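Asks: Provide a 3D model corresponding to the input given below.
(one chain, ligands or ions: 1)
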Amino acid sequence: MSYKRILTIQDISCFGQCSLTVALPILSAAGHETVILPSAVLSTHTAGFTGFTCRDLTEDIPSITAHWKKEGISFDAIYTGYLGSATQIDYVKDMIKDFGSENFVSIVDPAMADNGRLYPAFDQAFANQMKTLAFEADMILPNITEACFLTDTEYRESYDEAYIDGILDKLRASGAKTIILTGVGYTWDTTGVVVFEGDNKSYYKHKRISKGSHGTGDVYASSFTGAYLSGKTAYESAVIAADYTVRCIEGTISDESHWYGVKFEPALPYYMDSLKG
Ligand code: PXL
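Replies: Next up is the predicted model:
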C-alpha cells in the first residue's frame, strides 16, 4: 500500500464528529501521513447547535505556510473541507500551487451547504469564491445543494437524470475536472453517487437511510480521499466511501441521542478491509 502525505484543511469542531476530528482518523486508518491545517476552532459544528463559539484562524495561515515553505515541506495531496472565510479560499489556492509534489492531487469538498441551503456561517459571496477553488481543483465532491450553488442552479427536492446531467454539464463547462456528486437518488429508497471522470459518467446506487445524519459528507469525502490516495480509481473510491458511510449511519441510527454525528470509529476496520481488496 502506498504511503502518502496528505494536507487536510478544515475546521476543528471540538464536539460534533465532523471535519478534522473525522478526517484525521480516517486518513490515518487509510495508512497515510496526515498533516492538518485548522481553518477555525468551534465549540461544536453549526448544524443543530446554537450558541457555538468560533475562532477564525485565517490570520494564522500565512505564517504557518511560510514556515512550511522554509522547511521545504511538500504534499502528495491537499484535501479541503469546511473553510473559515473567503480569504482562506485564496490561501488554499496558493497552497495548491506552492506545496505540490510529483503526481500531486487537489481534492475539494466545497462543504458549505445542504438540503437547499447554505450553512449558517456562509453567504453568496463565500459560495462565489468557492467556485474559483472548485473549478481549479483536480477533484470535487459536492452534494447536490453545493453543486447548485457552484452552478447557479435552482435547487430541487425531486429531480430526474436530465436535471443532474444539466448540473454536471454546467460544472464541466466552468472547468470542473473529476466530479463526485453525492446524494443522487432517483427512487425514494435509494441514493447514490455520480462519478464523472474524463468523459465517462458512472453511477453507484445504494441504500438510502431515511434519517439525515450530520457529518456524513465529511466521512464520505475523507474515506474517498484515503482510498484514492491508496491507489484506487475514482469510481472504486466512491464505492468504498459510500459503503463505509452507509455502515456508519447504520451503526448510529438506533441511538436517538447521537443526532449530531455518526459513529464512524467502530466501522474503521471495515473501511480498512475494503482498501485491501
Ligand atoms: O460537516 C460539515 C461541517 C463542518 N464544520 C462545521 C459545520 C459543518 C456543517 O454544518 O458546521 C463547523
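
Asks: Could I get the contacting residues of whichever residue of the stretch 51-200 of the chain sits closest to the ligand?
Replies: Of the stretch 51-200 of the chain, the residue with the smallest distance to the ligand, taken as Cβ to the nearest ligand atom, is Tyr82 at 3.6 Å. (Glycine included, C-beta is placed from N, CA and C.) Listed by Cβ atoms under 8 Å, 6 or more residues apart in numbering, the contact set of Tyr82 reads Gln10, Asp11, Cys18, Ser19, Ser39, Ala40, Ala111, Met112, Tyr119, Asp218.

Asks: Got phi/psi on it?
Replies: Per-residue torsions, Tyr82: phi -60, psi 120 (degrees, to the nearest 10).

Asks: that older thread, which ones among the contacts of Tyr82 map onto strands?
Replies: Using DSSP state E, the subset of those located in strands is Gln10, Asp11, Ser39, Ala40.

Asks: Look up the pLDDT of the last one for me, please.
Replies: What the model reports as pLDDT for Ala40 is 97.

Asks: And for Val239?
Replies: So Val239 comes in at 98 (pLDDT).

Asks: what do you get for Ala227?
Replies: At Ala227, pLDDT is 98.

Asks: Check Met1 too.
Replies: For Met1, the predicted pLDDT is 55.

Asks: before we move on, what about the one 3 residues further on?
Replies: Note on Lys4: pLDDT of 98.

Asks: Flag every residue of the stretch 1-150 of the chain that's near the ligand.
Replies: Taking Cβ under 6 Å from any ligand atom as the criterion, the stretch 1-150 of the chain approaches the ligand at residues Asp11, Ser13, Cys18, Ser19, Leu42, His45, Thr46, Ala47, Tyr82, Ala111, Tyr119.

Asks: about what we covered before: now the contacts of Tyr82: which count as buried?
Replies: The neighbour count (16 or more other Cβ atoms under 10 Å) marks Gln10, Asp11, Cys18, Ser19, Ser39, Ala40, Ala111, Met112, Asp218 as buried among the contacts of Tyr82.

Asks: now the strands: where do they sit in the chain?
Replies: For the chain, the strands defined by DSSP E occupy 5-15, 33-44, 54-56, 75-80, 100-108, 113-114, 117-118, 139-140, 178-182, 190-197, 200-207.

Asks: With respect to burial, which of those strands scores highest?
Replies: Mean neighbour count (mean count of other Cβ atoms under 10 Å) peaks for strand 139-140 among these, with a mean of 26.

Asks: And it, how far out from the chain middle?
Replies: Its chain's C-alpha centre and that of strand 139-140 lie 9 Å apart, by Cα atoms, centre = their mean, to the nearest Å.

Asks: helices and strands around that strand, which ones?
Replies: Contacts defined by 3 or more Cβ pairs under 8 Å, 6 or more residues apart in numbering; DSSP states H and E place strand 139-140 against strand 100-108, strand 178-182.

Asks: can you rerun that using 10 Å?
Replies: If contacts are counted by 3 or more Cβ pairs under 10 Å, 6 or more residues apart in numbering; DSSP states H and E, strand 139-140 sits against strand 100-108, helix 124-134, helix 144-151, strand 178-182, strand 190-197, helix 216-229.

Asks: Give me the helices and strands touching the second one, please.
Replies: With contacts defined as 3+ Cβ pairs under 10 Å, 6+ apart, helix 124-134 has these neighbours: strand 75-80, helix 86-98, strand 100-108, strand 113-114, strand 117-118, strand 139-140, helix 144-151.

Asks: What average pLDDT does the fifth one get?
Replies: When you say that, I think you mean strand 117-118. The average pLDDT for strand 117-118 rounds to 96.

Asks: Quick check: neighbours of that strand in the sheet, parallel or antiparallel?
Replies: Under the criterion DSSP bridges, strand 117-118 sits next to strand 113-114 (antiparallel) in its sheet.

Asks: Need the helices and strands packed on strand 139-140 in a markdown table (columns: distance to Lys93).
Replies: Putting these into a markdown table (distance: least, Cβ to Cβ, whole Å) gives the following:
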| stretch | distance to Lys93 |
| --- | --- |
| strand 100-108 | 9 |
| helix 124-134 | 6 |
| helix 144-151 | 15 |
| strand 178-182 | 18 |
| strand 190-197 | 22 |
| helix 216-229 | 18 |
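
Asks: do you know which of the ones you listed lies nearest Met272?
Replies: Met272 lies closest to helix 216-229 among those, at 9.4 Å (Cβ to Cβ).
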